[in-house]
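Participant: how would this look folded up:
(chains A and B)
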Amino acid sequence: MQPKLTAKTRCTDGEVGTVSKVIVDPLSREISHVVVRESNGQGADRRVPISQVQAVPNEEEIVLGCSSEAFGQFPVLDRDAYVTIHDVEIAHLEDHLHVEPGEILVPYPRLERGVPRRRFFTNMTHAIGTLIALPLVFPVLKYLMKPMYKPFDNSWFSIGNVRKIKKENIGYQFKFQKGFQEAFMPEQQIEKNIWVVKATPEVQKTVYGGKDKKFYDHKGNLIWMNKATSPYIGYSGKCPHLGCGYKWRRTKNFPDGVFLCPCHLSIYDEAGKVLDGPAPRPLDVLPMQVNAAGEVQVIDIEYKAGVRNQVRLL
Amino acid sequence: MNGQSEPAHQPNAFEKVVDFVDERVGLKTIQAKMLNEPVPGGSRWAYAFGSCLLFIFIMQVVTGILLMFYYVPSTDHAYASTQYIIHEVDYGWFLLSYHFWGSSAMVVMVFAHMSQVFLWGAYKKPRELVWLVGLALFGLVMAFGFTGYLLPWDQRAYWATVVGVEIMDKTPIIGDFMSRFLKGGPTPGQMTLSRFFVIHVMILPAALMGLAGLHLFLFRKAGPAGPFRGTPEQIKAKTDYFFPRQIWKDIVAMASVFLIICSLAFIEPVVLLEEATPDPGDYHPEPEWYFLFLFQMLRLKIFAGEFGQFLGAVAIPGAFLAFLAVLPFLDKNPERNIFKRPIALIGWIAIMAGILIFTVSAVLNREFLH
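Facilitator: Numbers count the residues shown, from 1 in each chain, chains lettered A, B, ... in the order given. Got it, this is the predicted structure:
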């Protein structure tokens, strides 16, 4: 039979009070004390060792083996020396206790008493944790960011001969292999392509607007100038919408042919102008030169897709 | 106990070991707590989606680990090693195809699970956090699909990544940094493959395990929502424990899912396209089917131009996810019956129909391009 937290407490010579709290040993998980609130005098909570409990005749009552005078000698409970079991985690405590839920107490270590002291240690723990993490942020970020930004490659390389271009204002694809060396990897040959149009003067005018197109390096120095009257115009093979590869296609609506991107169906004319679809800007014109023998050389610039203005990536 | 009339049971060696462990771990308590969870209103087939997701995920981990025995995450070996798995390694084609179809099954099941929770009104108080963690898990599943797609390093893989990362790039302010960070450079290459690999096989599984654990913990803490119809007395009368009826339904559902994925792996095993290269050749880039609706949406004229793209690729999907995240805090009406929540029902139907229409039109557009 388990005493209720309101059980009346009798001594050998009469009733002294009621049980108000129970104190548990956190290791053995056994009840070590009952706290009895005096029914007379100050109504103090007295801490009575469990060994003093002689009998529990019924649920409403416990019997102590001492006199009421001896009861008055038991120490008054120092409430601050204890915390409730809601404040601490004691595994399977409930499995061992069969008391009506009330305030169940365990001793509060002396060193931990006092709020300022606890707060100090909490703050110190957080501060030291932060001091461990903080110096790592920058190195880790730099470590991960190492390959993100690369200098631009402004070298020229040959992609083929303009002999294959038979008609004006038609897109011809020039496929080429490009050596690509990345970090620790051996150099790999990757396939790329550029579209070249032999443009009539009107188309040249649409593309260049009568002005030479200048290309700069990242410092702002001029690296090349496409003449406004040069007939051969090279477009980067990357669709300015979201970076797919577009093709020169004849469709029902455009029997003469247009550049069509199969991804999101952007359509451009031979001057690179957007005719239809979601593209935000015309095709990107590359720096290109054609020598007397008809060899085409380009600088393989890649611009960011999906933005109105050209932002160079490569 | 009457020890005289009946000889006391002598535990055998196995029982002794079990008792020894139980005394120190509390296995029986854990098992009892796991199995003896009351399911209000009784077990249902509709509650099997979450368990199926867990099952599919475990199978993805198992097949994924097996694939890593041969797969090499480098641009000069990824394609060859994947081809080797498909064509040379015994049952490699099956494990790879199972992993491939498993990812689709995961997405389908996530949609089913979220729909069920939404229609049952189970995201409402006090299950707001279960729903929020669930949304984060949904994001992880999509990220799994996206990062895993690149690993075979064929044209399909490469172009889905090119376009996917370009879409991320459209996020204001941090977009450029994010896409460079993911690509490990200005254009996709070895660094991209390395990063996607690490994310796919380490970061996402760890995150998913942690969040799935939290999801289950929060779910157990709040308890199952139960049916949206019936008085408390009726629900209480039908209530039974998770074990055995719900577990039976779950295991049958898992077996069905397993058989479906196996059949798909047999009927449509994975076939790679040509090795990845920045020239798409004749390949028409397209994402995996569960991203098709978004892909098709970006073809619309209203999502043209720089702002249109931001709207279609980032703002609308982002706003929709944000809306789902705040849904349990906005929708304070305790009514859970979907037939008494017309806006929720119509909204759900409209979104599902929208996704369906866009997906179908993306498929129809393929014909037009050939």
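
Participant: quick check: residues of the stretch 1-150 of chain B near chain A?
Facilitator: Contacts of the stretch 1-150 of chain B with chain A, taken as CB under 8 Å from any CB of the partner chain, map to B:26, B:29, B:74-76. Where you see a C-beta, it was placed from the backbone N, CA and C, and this is true even at glycine.

Participant: now, of those, which are buried?
Facilitator: B:74-75 (16 or more other CB atoms under 10 Å in any protein chain shown).

Participant: ok, which pair from the residues of the stretch 1-150 of chain B next to chain A is furthest apart?
Facilitator: Maximum pairwise distance in the residues of the stretch 1-150 of chain B next to chain A, criterion CB to CB, is 53.9 Å, between B:29 and B:76.

Participant: now, which of the residues of the stretch 1-150 of chain B next to chain A sits nearest residue B:117?
Facilitator: Among the residues of the stretch 1-150 of chain B next to chain A, and counting by CB to CB, the member closest to residue B:117 is residue B:29, at 29.3 Å.

Participant: the closest one is in what secondary structure piece?
Facilitator: Here residue B:29 is covered by helix B:27-35, with elements defined by DSSP states H and E.

Participant: which elements pack onto that helix?
Facilitator: Applying 3 or more CB pairs under 8 Å, 6 or more residues apart in numbering or on different chains; DSSP states H and E, one finds that helix B:27-35 contacts helix B:13-25.

Participant: which elements pack onto the helix it packs on?
Facilitator: helix B:27-35.

Participant: ok, and what's touching the helix or strand that the helix holding residue B:29 is followed by?
Facilitator: Under the assignment DSSP H and E, the closest C-terminal helix or strand after helix B:27-35 is strand B:38-39. For strand B:38-39, the surrounding residues in contact (CB atoms under 8 Å, 6 or more residues apart in numbering or on different chains) are B:47, B:223-224, B:226, B:239-242, B:245-246.

Participant: which of those sit farthest apart?
Facilitator: B:223 and B:245 (16.8 Å).

Participant: tabulate the residues of the stretch 1-150 of chain B next to chain A (a markdown table), appending pLDDT.
Facilitator: Output for those, formatted as a markdown table (pLDDT from 0 to 100):
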| residue | pLDDT |
| --- | --- |
| B:26 | 83 |
| B:29 | 76 |
| B:74 | 94 |
| B:75 | 92 |
| B:76 | 91 |
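
Participant: any idea which of the residues of the stretch 1-150 of chain B next to chain A is closest to residue B:62?
Facilitator: Nearest to residue B:62 among the residues of the stretch 1-150 of chain B next to chain A, with distances taken as CB to CB, is residue B:74, at 24.2 Å.

Participant: so the closest one sits against residue A:186, correct?
Facilitator: No: when contacts are counted by CB atoms under 8 Å, residue B:74 is not listed as touching residue A:186 (10.0 Å).

Participant: what are the ranges of the strands in the stretch 201-350 of chain B?
Facilitator: Using DSSP state E, counting those that start in this stretch, the strands of the stretch 201-350 of chain B run over B:240-241.

Participant: which residues of it lie near chain A?
Facilitator: So far as CB under 8 Å from any CB goes, the stretch 201-350 of chain B lies against chain A at B:277-281, B:284-286, B:295, B:298-301, B:303-306, B:308-309.

Participant: out of the residues you listed, which end up buried?
Facilitator: Buried residues within those, counting neighbours by 16+ other CB under 10 Å: B:277-280, B:284-286, B:295, B:298-299, B:303-305, B:308-309.

Participant: tell me the pLDDT at residue 175?
Facilitator: Went with chain A since none was named. Note on residue A:175: pLDDT of 90.

Participant: look at chain B instead
Facilitator: 90.

Participant: buried sites along the helix or strand where residue B:368 lies?
Facilitator: Counting by DSSP H and E, the element that carries residue B:368 is helix B:342-369. Residues of helix B:342-369 classed as buried: B:344, B:348, B:355, B:358-359, B:362, B:365 (neighbour count, 16+ other CB under 10 Å).

Participant: could you dump the residues you listed to a markdown table with pLDDT?
Facilitator: What follows is these, written out as a markdown table (pLDDT from 0 to 100):
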| residue | pLDDT |
| --- | --- |
| B:344 | 93 |
| B:348 | 96 |
| B:355 | 94 |
| B:358 | 93 |
| B:359 | 94 |
| B:362 | 90 |
| B:365 | 85 |
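
Participant: can you tell me which of those residues lies nearest to chain A?
Facilitator: Closest to chain A out of these is residue B:365 (7.6 Å), distances taken as CB to the nearest CB.

Participant: tell me, how many neighbours does the residue nearest to the closest one when sequence neighbours are not counted end up with?
Facilitator: Excluding its sequence neighbours, the residue lying closest to residue B:365 (CB to CB, 6 or more residues apart in numbering or on different chains) is residue B:296, at 7.1 Å. When neighbours are counted by other CB atoms under 10 Å in any protein chain shown, residue B:296 registers 22.

Participant: list the contacts for residue B:296?
Facilitator: When contacts are counted by CB under 8 Å, 6+ apart, residue B:296 touches B:358-359, B:361-362, B:365.

Participant: okay, helices next: where are they in the stretch 151-300 of chain A?
Facilitator: Taking DSSP state H, counting those that start in this stretch, the helices of the stretch 151-300 of chain A run over residues A:201-208.

Participant: and the helices in the stretch 51-200 of chain B?
Facilitator: Along the stretch 51-200 of chain B, the stretches classed as helices by DSSP H, counting those that start in this stretch are B:78-87, B:92-119, B:128-150, B:155-169, B:175-183, B:190-198.

Participant: ranking these by burial, who's on top?
Facilitator: Among the helices of the stretch 51-200 of chain B, helix B:155-169 has the highest mean neighbour count (mean count of other CB atoms under 10 Å in any protein chain shown), at a mean of 24.

Participant: shaky segments in the chain?
Facilitator: Using chain A here. Applying pLDDT under 70 to chain A flags residues A:1-3, A:27, A:88-102.

Participant: I was after chain B.
Facilitator: Across chain B, the ranges flagged by pLDDT under 70 are B:1-8, B:369-370.

Participant: relative to residue A:84, how far out is the nearest residue to residue B:47 once chain neighbours are set aside?
Facilitator: Spatial nearest neighbour of residue B:47, chain neighbours left out: residue B:246 (6.3 Å); criterion: CB to CB, 6+ apart. Residue B:246 sits 36 Å away from residue A:84, going by CB to CB, to the nearest Å.
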